[in-house]
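Undergrad: just coords:
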């Protein structure tokens, strides 16, 4: 080996220690549950633009939910009822119905939810989520 | 044949060839310790740190959930921007960390609304337990509308399937 050839080694242990401390700190302090929000509007008493738009009304009842499409030229305003079975709501049925009506009338972007006094917040959120998943983004809730 | 090859390989390995030159000028094959290559470990650690840093900065929001409220889960969510937070805890309302009754809700929200920029009306963020009934949520919506809030945000946990 000639005198000019020199090799040196960088001591990486402090770097590893520092990174290990950083990772531990970040793992402890990081948030694993992400909180989001569902945007809704108060459907009664707010300003209205006089334009008539196709919308779907969903009414919570003790025995289930009533769906009625209004102001649509493509869908009849016949009431569609989804009954609860053993206090549980068939969300697949609601999802497929929403998909069907949105498929028939693509201008359907509004929904009005009329919950009952004993309607669970979880069910209301699930309904809003189902409607939004099918493209009905403008959701309003009627207060009691 | 295969054994011979592997035998040769072991015999001619770099580690075996290494040795220590002693004072007499003879090379001894003992006392050699292989050094651990730490660079990939540092790389992996650096990637982890960057990932965690990015994730931590993206998850900043003003809502802190404690054990008392179980938020519902939804998939089609938006981010929580700035807004006035109203919590529903056991039929009690907490507006910006201040406990108020349902009759005081309108007054409290109007007071907060008066402090806001009229060009930029904030959202009213509702944080309630998933098992709570609409009876306890409705006063917030009525009071919020009366105070001038146009849009409401229901705080939920982002998730796929409920």
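TA: Looks like it came in fine. Please read all numbers here as calculations on a predicted model, not as lab measurements.
Undergrad: residues touching residue A:17, list them.
TA: Taking CB atoms under 8 Å, 6 or more residues apart in numbering or on different chains, we find residue A:17 in contact with no residue. (Glycine included, C-beta is placed from N, CA and C.)
Undergrad: Mind checking what secondary structure it has?
TA: Put simply, residue A:17 is helix when judged by DSSP: H, G, I helix; E, B strand; the rest coil.
Undergrad: how much space between it and residue A:10?
TA: Here the distance between residue A:17 and residue A:10 works out to 14 Å (CB to CB, to the nearest Å).
Undergrad: go on, residue A:84?
TA: Going from residue A:84 to residue A:10 by CB to CB gives 68 Å.
Undergrad: same check, this time on residue B:36
TA: Taken as CB to CB, the span from residue B:36 to residue A:10 is 13 Å.
Undergrad: now do residue B:87
TA: 53 Å.
Undergrad: Settle it for me: which of those two has more neighbours?
TA: The neighbour count for residue B:87 versus residue A:10, taken as other CB atoms under 10 Å in any protein chain shown, is higher for residue B:87 (22 against 9).
Undergrad: Kindly confirm whether my reading is correct that the more buried one touches residue B:98.
TA: No. When contacts are counted by CB atoms under 8 Å, residue B:87 is not listed as touching residue B:98 (10.3 Å).
Undergrad: Now do the contacts for whatever residue of chain B ends up closest to chain A.
TA: Closest residue of chain B to chain A, CB to the nearest CB: residue B:77 (2.8 Å). Residues in contact with residue B:77, defined by CB under 8 Å, 6+ apart, are A:36, A:37, A:38, B:156, B:158.
Undergrad: and of the residues you listed, the nearest to residue A:30?
TA: residue B:158 (15.1 Å; CB to CB).
Undergrad: Could you tell me how many residues sit around that closest one?
TA: Number of residues near residue B:158 (other CB under 10 Å) recorded here: 17.
Undergrad: Who is it paired with across the strands?
TA: In this entry, residue B:158 is beta-bridged to residue B:74, by DSSP bridges.
Undergrad: is it true that residue B:143 lies in a helix?
TA: Yes. According to three-state DSSP, the state of residue B:143 is that of a helix.
Undergrad: Surely residue B:144 and residue A:41 touch.
TA: No. Under the criterion of CB under 8 Å, residue B:144 lies out of contact with residue A:41, with a separation of 10.2 Å.
Undergrad: So if I had to pick from those two, which one is more boxed in?
TA: More neighbours sit around residue B:144 than around the other of residue B:144 and residue A:41, counting by other CB under 10 Å; the figures are 24 against 16.
Undergrad: Poorly predicted segments of chain B, please.
TA: In the prediction, chain B carries residues with pLDDT under 70 at positions B:1-22, B:27-34, B:57-65, B:160-162.
Undergrad: domains for it, by residue range?
TA: By the assignment in automatic domain parsing, chain B contains the domains B:1-34, B:73-158.
Undergrad: so which of those domains is the most packed in?
TA: With neighbours taken as mean count of other CB atoms under 10 Å in any protein chain shown, the domains of chain B reach their highest mean count in domain B:73-158, at a mean of 17.
Undergrad: Quick one: end-to-end distance for that domain.
TA: Terminal residues of domain B:73-158 are spaced 6 Å apart (CA to CA, to the nearest Å).
Undergrad: same deal with stretch A:95-115?
TA: 18 Å.
Undergrad: which residues sit against it?
TA: By CB under 8 Å, 6+ apart, the residues outside stretch A:95-115 that reach it are A:43, A:53-60, A:67, A:69, A:72-75, A:80, A:82, A:124, A:127-128, A:130-131, A:133-142, A:144, B:134.
Undergrad: Roughly how far does the residue of chain B closest to chain A sit from residue A:124?
TA: As defined by CB to CB, residue B:77 lies at a distance of 15 Å from residue A:124.
Undergrad: rewinding a little: indicate which one of the domains of chain B is closest to residue A:22.
TA: Comparing those under CB to CB, the one sitting nearest is domain B:73-158, at 26.3 Å.
Undergrad: Contacts for the helix ranked longest in chain B, please.
TA: Ranked by residue count and defined by DSSP state H, the top helix of chain B is helix B:39-58. For helix B:39-58, the surrounding residues in contact (CB under 8 Å, 6+ apart) are A:12, A:15, A:16, A:19, A:20, A:22, A:23, A:26, A:27, A:29, A:30, A:31.
Undergrad: before we move on, what about stretch A:129-143?
TA: Contacts made with stretch A:129-143 from outside it, assessed by CB under 8 Å, 6+ apart, are listed as A:38-44, A:46, A:56, A:58, A:91, A:94-95, A:98-99, A:102, A:106, A:108-115, A:124, A:128, B:74-76, B:138, B:141-142, B:145, B:152, B:156.
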